[in-house]
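Asker: The following comprises the amino acid sequence and a computationally predicted model.
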Amino acid sequence: MHVGYGAAFQNPNNALSDAEVYRNEIRLAEMAEPLGFDSVWSVEHHFDDYTMCPDVLQFLSYMAGKTKHVKLGSMVVVLPWHDPMRVAEQISLLDHVSNGRFILGLGRGLARIEYEGFRLDQNEGRNLFVEYAELILNGLEQGYVEGGKFTKQPRRDIRPFPARSFKGRTYAAAVSPESMPIMAKLGVGLLVIPQKPWDVVKEDFKIYHKVWHEINGATPPPKPLSGGFCYVDENKDRAEERAMKWIMAYYHTAMKHYEMTAEHFGKNKGYEFYSHVGKYISRHGADQAAEDFAKLMPWGTPGQVVEKIAFIRDTIDANGVMMNFSYAGIPFDEVERSYTLFAKKVLPELKKMKTEELAEPAALPMPRHSQAA
């Protein structure tokens, strides 16, 4: 099984200086390759203490220079917040400097603070995501970007020209059932963050696979990748007590950032599914919602964590996971204990699990002539 390390750069309630958070998070990310992880990931967010990686491709470019072998994953680049021409250039550049190690993860974003901060109408979020994804993914295969109802991009080359295809190594975050056919039509794999009952997730996957095969025939989709918030301790009771404390605390930061209990949440066009999340929290309370979220995550003794990740693999046929160990303000020495214990006791067992290898990128030919000429 492919096992990645996820860096979130959280600073809840601004308890530390952002500089201290970055020093420690970078240090932990740089430990991933020596500890035996297969990839390093981060996620894009803006404007508050929820997560502080405003440019995941810039962070991964730094990690490309600090590592030799690990793959580098975006979980995710939020397309509506960017110019698609620029994103295509950044992706191509990162893939060149990393020698083809980049795994592209895409998303459309959810938080009002971010959409309003970029002066965007969130009601257009889904339309912008689909158009930008099509422009970027087609552009990365053909070497230029052109068109778009919203973008109106004049035909321009991506330089440096993409050297490798992104087919088979592009994924997208999809939470709502309505997103499943969109991702299937785009021809991308799925990034899963456990946050719904697994039986519901399995039903979502049925929609995805049905549409995928209607569009792509017998060619199978990339097997999904699953993120997660992990805590490991040799003592079972201590592992449960600390995992529930910190993972529940993380979910409270998510509820705050996304304003899940606010009147507007889930009211924007294309985001109606999320109204169910707000209603669930209203019925059961924020603490119960956080507890339910935490129970989906792979925490416990090393043996329990192996079992929980095996369950995720078997449930959605995942061939990789990306684990976050630093979140919700866990003291960094405690993060490191959990992280290194995972590497020592859990990682070797996950490596024994039989899964497909992640797709290696196929080489693309250099265009003979400039498409902009």
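Answerer: Now that the structure is in, tell me what you want to look at.
Asker: What ranges in the chain fall below the confidence cut-off?
Answerer: Residues of the chain meeting the criterion pLDDT under 70: 368-373.
Asker: let's go with 80 and repeat that
Answerer: Within the chain, the stretches with pLDDT under 80 are 367-373.
Asker: Checking Val321 next. Helix, strand or coil?
Answerer: Following DSSP: H, G, I helix; E, B strand; the rest coil, the label given to Val321 is strand.
Asker: where do the helices sit along the stretch 101-250 of the chain?
Answerer: Along the stretch 101-250 of the chain, counting by DSSP state H, counting those that start in this stretch, helices occupy 112-117, 125-142, 179-186, 198-216, 236-258.
Asker: what helices or strands is the second one leaning on?
Answerer: With contacts defined as 3 or more Cβ pairs under 8 Å, 6 or more residues apart in numbering; DSSP states H and E, the packing partners of helix 125-142 are helix 84-97, strand 102-107, strand 144-147, helix 179-186. All C-beta atoms are positioned from the backbone trio N, CA, C, and that covers glycine.
Asker: Check the offset of that helix from the chain's centre.
Answerer: How far helix 125-142 lies from its chain's middle: 17 Å, per Cα atoms, centre = their mean, to the nearest Å.
Asker: From the rest of the structure, what touches stretch 247-262?
Answerer: Defining contact as Cβ atoms under 8 Å, 6 or more residues apart in numbering, one finds that stretch 247-262 is touched by 10, 12, 45, 48-50, 110-113, 229, 231, 265, 274, 277-278, 281-282, 286-287, 289-291, 293-294, 297, 299, 327-329.
Asker: Among those residues, which lie within helices?
Answerer: Within these, residues falling in helices by DSSP state H are 112-113, 277-278, 281-282, 286-287, 289-291, 293-294.
Asker: can you redo those residues as JSON lines with neighbour count and distance to Arg23?
Answerer: JSON lines is the format used below for these (neighbours: other Cβ atoms under 10 Å; distance: Cβ to Cβ, whole Å):
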{"residue": "Arg112", "neighbour count": "16", "distance to Arg23": "31"}
{"residue": "Ile113", "neighbour count": "15", "distance to Arg23": "26"}
{"residue": "Val277", "neighbour count": "21", "distance to Arg23": "34"}
{"residue": "Gly278", "neighbour count": "21", "distance to Arg23": "36"}
{"residue": "Ile281", "neighbour count": "20", "distance to Arg23": "35"}
{"residue": "Ser282", "neighbour count": "12", "distance to Arg23": "40"}
{"residue": "Ala286", "neighbour count": "16", "distance to Arg23": "32"}
{"residue": "Asp287", "neighbour count": "12", "distance to Arg23": "32"}
{"residue": "Ala289", "neighbour count": "24", "distance to Arg23": "33"}
{"residue": "Ala290", "neighbour count": "22", "distance to Arg23": "29"}
{"residue": "Glu291", "neighbour count": "15", "distance to Arg23": "32"}
{"residue": "Phe293", "neighbour count": "21", "distance to Arg23": "29"}
{"residue": "Ala294", "neighbour count": "22", "distance to Arg23": "28"}
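Asker: With respect to Ser176, which of the residues you listed is nearest?
Answerer: Val277 (9.9 Å; Cβ to Cβ).
Asker: Pull the contacting residues for the closest one.
Answerer: Val277 is in contact with Met260, Phe265, Gly266, counting by Cβ under 8 Å, 6+ apart.
Asker: For Met255, see how far away it is.
Answerer: Val277 sits 9 Å away from Met255, going by Cβ to Cβ, to the nearest Å.
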